[in-house]
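Trainee: Just a sequence and a predicted model for now, questions to come.
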Amino acid sequence: MAEQNVFNLMQNDEIGLLWKKIYQLHQKTKIYLLTAEEISENGDALIQPLKEHRDAYDHIVRIFASTTKKVPEGYDYYSYIKGNLEKAYGHEYRAFFDTADWLAYNLRHNLRERINAIPYNKRNQLIPNCKETIKLLNQYPFEISNLRNDKDIVKESDSDETIKEYENLLRQLIKLYKEIDSI
């Protein structure tokens, strides 16, 4: 199959939507991964999301590499492309959760260290709603474990919602981190 035909199939509505989901999730994950690397004061990097990105990339390359191979007459390229994009999305999905888990852990750990560094008798003065903040920090692990328990790439409509919920939780943690970091 010529490269142009692969590009034409990539324009198909269903394939195009899947492709869009892949690159949008990749971009979200990349931002959170970079944030996690910056917040990790030891300069630690988590390898698992990078492995998942590599595996997703491999499925995408397979689509285009197929144009250089001799294939049987009447081969179903649409199914081949769709199948590889679905697998690529699965890897991106896992990369997102691995990154989100790591970032949430680093944010919570860092926040606790910063709060504990403030003398106890000064915390209420320096941290707005100090008790609420600590209560939230104690609550996040349970919310995260519920999200992680509910993640399932097979339930596509649920997966999008779970990603949105996790993003909301990360935004809250990042906001809290910025507020306490400014003290």
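Mentor: That came through, no problem. Numbering: from 1, shown residues only.

Trainee: Tell me which residue lies nearest the centroid of the chain.
Mentor: Central residue of the chain (CA atoms, centre = their mean): Phe96, 1.8 Å from the mean position.

Trainee: Quick check, that one in contact with Ile31.
Mentor: No: using CB atoms under 8 Å, Phe96 is not in contact with Ile31; the gap is 10.6 Å. No exception for glycine: its C-beta is placed from N, CA and C like everyone else's.

Trainee: hmm, back to that, and the residue nearest to the centre of the chain, what element?
Mentor: The secondary structure element spanning Phe96 is helix 77-117 (assigned by DSSP states H and E).

Trainee: Which helix or strand lies directly C-terminal to that helix?
Mentor: Sequence order places helix 120-126 as the next helix or strand after helix 77-117, per DSSP H and E.

Trainee: Contacts for that following helix, please.
Mentor: Ile115, Ile118, Cys130, Lys131, Ile183 (CB atoms under 8 Å, 6 or more residues apart in numbering).

Trainee: Give me the buried positions along that helix.
Mentor: The neighbour-count criterion (16 or more other CB atoms under 10 Å) identifies Arg123 as the buried residues of helix 120-126.

Trainee: Could the C-alpha coordinates of that helix be exported in PDB?
Mentor: Once side chains and other backbone atoms are set aside, the C-alpha atoms of helix 120-126 remain, and they are given as PDB (Å, rounded to 0.1, in the frame of the first residue of the first chain):
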ATOM      1  CA  TYR A 120       3.400  24.300  64.200                       C
ATOM      2  CA  ASN A 121       2.400  27.500  66.000                       C
ATOM      3  CA  LYS A 122       2.900  29.500  62.800                       C
ATOM      4  CA  ARG A 123       1.100  27.200  60.400                       C
ATOM      5  CA  ASN A 124      -2.400  28.700  60.800                       C
ATOM      6  CA  GLN A 125      -1.000  32.200  60.200                       C
ATOM      7  CA  LEU A 126       1.100  31.300  57.200                       C
END
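
Trainee: what's the average pLDDT for it?
Mentor: Helix 120-126 shows a mean pLDDT of 89.

Trainee: State the next helix or strand along the chain beyond that helix.
Mentor: Remark: after helix 120-126, the chain's next helix or strand is helix 130-150, criterion DSSP H and E.

Trainee: Give me the residues contacting that following helix.
Mentor: Helix 130-150 is touched from outside by 97, 101, 104, 108, 111-112, 115, 123-124, 127, 158, 162, 165-166, 169, 172-173, 176, 180, with contacts defined as CB under 8 Å, 6+ apart.

Trainee: list the helices and strands the next helix or strand after it packs on?
Mentor: Sequence-wise, the next helix or strand beyond helix 130-150 is helix 156-181, with elements assigned using DSSP H and E. Of the remaining helices and strands, those touching helix 156-181 by 3 or more CB pairs under 8 Å, 6 or more residues apart in numbering; DSSP states H and E are helix 13-39, helix 77-117, helix 130-150.
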